[in-house]
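> I'd like to go over a predicted model; first the sequence, then the structure.
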Amino acid sequence: MAELADVGSDLVELLRAPRADVRGGAAAAVAAYSNDPRARHAVFPPRDRDSARNCEPHPSAHPLMKALLRVSSDAEVMIARSALSALTNFAIEPSAVALLFKLNAAARMFEALLDGEEHKSLRTLDSLRAGLLANMTRHPEAAQQMFERSGENVSSYARELSEQRMRRVFQRLFTEPERFGAKKELIDALESVAMLGANLAAIEPGRGLLLDGGSETSIVAQSCSVLMRSRNPTRRLGAALLLRNVAVDERTHAELLSWTDSGDVIVAALVPLVYHDDDLPRPIEMEELSGAHPVLLRAVELAKMNKAAQYEKVLEVRVALAEFLLAMCKSAAGRTALRDRKAYPVLRCAHWHDRESAVGDILHQVVDRTELLDEDPEALPVSGAKNLSASSHGVSKP
């Protein structure tokens, strides 16, 4: 696969061709090659653990990425699609991400996502643009570049403008009708924006951006609605990971726990884990939920009518939710809040019902911590405790 690097200069010339069929053929070829890790590594060698040798991008990398970025806004949709697919795949490699930031790729993707055009073919392009942003922020040091440019003097106005772009893209996620289904016209162009939010939550400036606005308008609060209502598993996973990554920073707990209305984060995490079955050793009893949030009470009522109606079906989402609740157990305020929100009966039944040890083991730890009334830190169980840290996720676009 080294031939991609060897013919990089030729591909650049073809990507600049005035004829659309020539540009399209070159973009499609690069997109196909970029699916193969060997081809990507020929252009962007992976980091050597023992030394920095052979880690510099191939000389063709800069002109190739620059040409792909230019073609990504081609008037011919299929050409732009191929270029964006290639960029999204290359962004899996950290050294490619560093180059893309230098070429201002993130700002260009945000601007394109905000241009207001609406057509099913353009939704495909928006999906790729959002996927590229998600991949560019998979690593915390790269996500940091969304907020600052190393070695450059960036004005406060420019930084604020950049953050405003991010907020507006998230507002698209929350306000536009959700499309979800197997048909192409139902493509959800913005599902990867949820994963972008999860990646930004892994760094401190990102958490600040996501929490800004409090329980009413913050990205975190609005993600709670996505978690409880979205039919799209990628959106739900992004929202769950966002909550998890925010809560890993114990300093955010006071802010999160001050939201007791529609943005109650603990209730949002409990609702997808509600399960009722009279055959359980000890099903949820309404008396146990005295004083619980109305949203949680309604979820339990629905579960009693149809036991499988709302229990989260996607394992990765359940794991992220369980890890969020475990992260909230790091603080005494978080453990108290879990008790106050009547988490125990919900988690007890979820633990009995869920056959996946990846979920059950974590829920068991949460139950241990929330049911210990002695708040002496030395009394809290530590054996087998899961050590949580913020995690980031990307996408692949063929």
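Cool, the structure landed. Numbering: from 1, shown residues only.
> So for Asn306, what's the pLDDT?
Asn306 carries a pLDDT value of 79.
> Could you number the chain from 38 rather than 1 from now on?
Will do, 38 is the new start, and the previous item becomes Asn343.
> so how far is Tyr70 from it?
Using CB to CB, to the nearest Å, we find Asn343 at a distance of 48 Å from Tyr70. C-beta: built from backbone N, CA, C; applies to glycine.
> what about the residue nearest in space to the middle of the chain, which SS state?
In the chain, the centroid-proximal residue (CA atoms, centre = their mean) is Met232; its distance is 1.8 Å. The local conformation at Met232, judged by DSSP: H, G, I helix; E, B strand; the rest coil, is helix.
> Of Asn343 and Tyr70, which one has the most company?
Taking other CB atoms under 10 Å, Asn343 and Tyr70 do not tie; Tyr70 has more neighbours (22 against 9).
> So the residue lying closest to that one once chain neighbours are set aside: helix, strand or coil?
Among residues not flanking Tyr70 along the chain, Ala76 sits closest, at 4.2 Å (CB to CB, 6 or more residues apart in numbering). Following three-state DSSP, Ala76 is assigned to helix.
> What is the neighbour count of Ala76?
Residues near Ala76, counting by other CB under 10 Å, number 20.
> my read: it touches Ala68, true?
No - with contact defined as CB atoms under 8 Å, Ala76 does not reach Ala68; the gap is 10.7 Å.
> Residue ranges in the stretch 88-237 of the chain under the pLDDT threshold?
88-91, 153-158, 186-192, 217-223 (pLDDT under 70).
> how about 90 then?
Residues of the stretch 88-237 of the chain meeting the criterion pLDDT under 90: 88-93, 95, 152-161, 184-199, 213-226.
> same for the strand or helix carrying Ser132, what does it pack against?
Using DSSP states H and E, Ser132 sits within helix 131-139. Helix 131-139 is packed against helix 98-108, helix 114-127, helix 157-173, helix 177-180, with contacts defined by 3 or more CB pairs under 8 Å, 6 or more residues apart in numbering; DSSP states H and E.
> Out of these, which gets nearest to Asn141?
Closest to Asn141 of the helices and strands packed on helix 131-139, according to CB to CB: helix 98-108, at 8.4 Å.
> What residues of the closest one count as buried?
Neighbour counts over helix 98-108 (16 or more other CB atoms under 10 Å) mark Ala98, Pro100, Leu101, Met102, Lys103, Ala104, Leu105, Leu106, Val108 as buried.
> Repeat that for stretch 260-270.
Within stretch 260-270, the residues scored as buried using 16+ other CB under 10 Å are Ser260, Cys261, Val263, Leu264, Met265, Ser267, Asn269.
> Which of those fall in helices?
Among these, the members found in helices (DSSP state H) are Ser260, Cys261, Val263, Leu264, Met265.
> And the strands in the stretch 288-435 of the chain?
Counting by DSSP state E, counting those that start in this stretch, the stretch 288-435 of the chain yields no residue ranges for strands.
> for it, what are the low-confidence residue spans?
297-300, 314-316, 341-347, 392, 405-435.
> measure Arg118 to Val302 for me?
Applying CB to CB to Arg118 and Val302 gives a distance of 37 Å.
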